[in-house]
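[1] Sharing a model prediction with you, sequence too.
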Amino acid sequence: MKKTRISLFYLAGYLIPTGIGLLFTPSITLKLLMSNGDYGDMFPRIVGMLLIGIGIIAVQLIRLKNYILYPTTIFVRIFFCICFVFFYFINRDPLFLVMLGVVAIGLVLTSVCYLSDSKQKKGGIINERRKK
């Protein structure tokens, strides 16, 4: 699961900086994310706080090599992508397309790495059995 673990650095790499940006400079961060909506000042800060929290969990998954939760990161991001598409169609804010793109890249990266690692793991088990 080494490739999958490495792919999670991308996840932590966008969650924490984006969270910090939304928490401390929401208007600038929303402009960088191409938002054309008005979300007030507090709601983006709350989202930033939550992104930092999820980012810290991602860092812990990486640090502790918690392979059991790697598929969960895939399923959660599928859910997020579906929601971003839905949100975009509700209000046509490009912010949701940007977020969809960023999350989808990580989703594809982690999914491909997870499938590759799973095949290697199965191949290793089969080869060990043949040796015995």
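    Looks like it arrived, so ask away. Numbering: from 1, shown residues only.

[2] which helices and strands sit right next to the helix or strand where residue 76 lies?
    Element membership of residue 76, judged by DSSP states H and E, is helix 70-91. Here helix 70-91 touches helix 2-24, helix 42-64, helix 94-131, going by 3 or more C-beta pairs under 8 Å, 6 or more residues apart in numbering; DSSP states H and E. Any C-beta I mention is one placed from the backbone N, CA and C, and that applies to glycine too.

[3] what's the most buried one of those helices?
    The highest average neighbour count among the helices and strands packed on helix 70-91, using mean count of other C-beta atoms under 10 Å, belongs to helix 2-24 at a mean of 18.

[4] Now do it: distance to the chain's middle.
    7 Å (C-alpha atoms, centre = their mean, to the nearest Å).

[5] Pull out the buried positions in the helix or strand following that helix.
    Downstream of helix 2-24, the next assigned helix or strand under DSSP H and E is helix 26-32. Neighbour-count burial for helix 26-32 flags 26, 29-30 (criterion: 16 or more other C-beta atoms under 10 Å).

[6] returning to what we had before: out of the helices and strands packed on helix 70-91, which comes closest to residue 75?
    Smallest distance to residue 75 across the helices and strands packed on helix 70-91 (C-beta to C-beta): 9.7 Å, for helix 94-131.

[7] All set, thanks.
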